[in-house]
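Asks: dropping a prediction and its sequence here:
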Amino acid sequence: MIPRAADEKVDGLKSLPFVVVHLAALVLPFVTGVRWQWVALALFTYGLRMFFVTAGYHRYFSHRAFKTSRAFQFVLAFMAETSAQKGVLWWGAHHRHHHRYSDQVEDLHSPALRGFWWSHLGWILCRKYERSRVEDIRDFARFPELRFLDRFYLLPPALAVGVLWLLGGLPWVVWGGLVSTVLLWHGTFFINSLSHVLGKRRYLTTDLSRNHWLLALIAMGEGWHNNHHYHQNTANQGWFWWEFDLSYYLLRALSVLGLVWDLRTPSDAVKLAYEKYTPAQRAQLERESRFGTEDRRAPPTPPLAMLPGAQQPS
Ligand SMILES: [Zn+2]
Ligand SMILES: [Zn+2]
């Protein structure tokens, strides 16, 4: 672990809405009561928005893993913003930064270097990282409609709450909005925190990213995080038939409809690179697959450029 800078701390005022939403999601279900239809609604709005976070914010805006039209690009950004995870440029730019420096000193949310809770949510509630780092996402920042969405990132969630209210009143806002959003937040944040702590490492990468089936289930494919860090620009993150990746199956369905195209997938040489590892490299992966984190202050060995098939961060 490295000591955090003086300006790297959770900001009380900035955390207030986050805390209030958590408390409301905890208390208000006792006011509305529980009905299976409302639980189903919460699951539906969770899954719908998780898809747009993973397929939109992550695979499209952060990694350009497929192509789409300017109109559907807007839909991806708008729907992903209903997750209340800040703006599209903020999300994509910070995520690109994570890949460039993952589990190294510059990484803003490395559990190995900055602790589990900081990587899970501390860094999001810190004023230092409020800015959208547009310099890291100029390819999308050139679209005025995306800059608008990024600036007014509370608009989509506010409109979503309005729609829920009109359709079903308070119970729909509580279950389809608050409860679902809190679960969605943590489901997404787990990929920054747990996916670098829990699971198995198949590929040598300079970070400690892992693969775990449960996280893949919760985050609709994102739990195959070691695959993803090894070769980041693929539309699928589950690379083998047993690696469940619901976001990719939905992207395939959208490609049949012609809404997205040119979905990038890994070659067999990339997928099967681990078969060529030496006994020493296998032992290293075994060691790194243990639960928890190890001290990552030392520069990673071997350098990324020397790992067979590894993709250089863009
Ligand atoms: Zn990561
Ligand atoms: Zn990524």
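Replies: Here it is on my side, so go on. Ligands and ions are numbered 1, 2, ... in the order given.
Asks: give me the helices and strands touching the lengthiest helix in the chain, please.
Replies: Longest helix of the chain, by residue count under DSSP state H: helix 12-32. Judged by 3 or more CB pairs under 8 Å, 6 or more residues apart in numbering; DSSP states H and E, the packing partners of helix 12-32 are helix 155-172, helix 180-192. The way it works is simple: take the backbone N, C-alpha and C, and place the C-beta from them, glycine included.
Asks: repeat that for 10 Å
Replies: With contacts taken as 3 or more CB pairs under 10 Å, 6 or more residues apart in numbering; DSSP states H and E, helix 12-32 sits against helix 36-51, helix 155-172, helix 180-192.
Asks: from Y46, how far out is the residue nearest the centre of the chain?
Replies: The residue lying closest to the centre of the chain (CA atoms, centre = their mean) is T188, at 5.1 Å. Per CB to CB, to the nearest Å, T188 is found 10 Å from Y46.
Asks: what do those two both touch?
Replies: By CB atoms under 10 Å, 6 or more residues apart in numbering, T188 and Y46 have these common neighbours: S83, I218.
Asks: my guess is the residue nearest to the centre of the chain meets F51, correct?
Replies: No: T188 lies out of contact with F51 (CB atoms under 10 Å); the separation is 11.8 Å.
Asks: flag every buried residue along stretch 7-15.
Replies: By neighbour count on 16 or more other CB atoms under 10 Å, the buried set for stretch 7-15 is E8, V10, S15.
Asks: sorry, wrong one. I was asking about stretch 63-79.
Replies: By 16+ other CB under 10 Å, the buried positions in stretch 63-79 come out as H63, R64, A65, F66, T68, F72, Q73, F74, L76, A77, F78, M79.
Asks: same check, this time on stretch 266-278
Replies: In terms of neighbour count (16+ other CB under 10 Å), stretch 266-278 has its buried residues at P266, V270, K271, A273, Y274, Y277.
Asks: just how off-centre is that stretch within its chain?
Replies: Centre-to-centre, stretch 266-278 and its host chain are 25 Å apart (CA atoms, centre = their mean, to the nearest Å).
Asks: ok, stretch 70-87 next?
Replies: From the chain centre to the centre of stretch 70-87 is a distance of 14 Å (CA atoms, centre = their mean).
Asks: where do the helices sit along the stretch 151-300 of the chain?
Replies: For the stretch 151-300 of the chain, the helices defined by DSSP state H, counting those that start in this stretch occupy 155-172, 180-192, 213-218, 225-230, 246-256, 268-271, 279-288.
Asks: so which of those is the most surrounded?
Replies: Neighbour counts (mean count of other CB atoms under 10 Å) averaged over each of the helices of the stretch 151-300 of the chain peak at helix 225-230, with a mean of 27.
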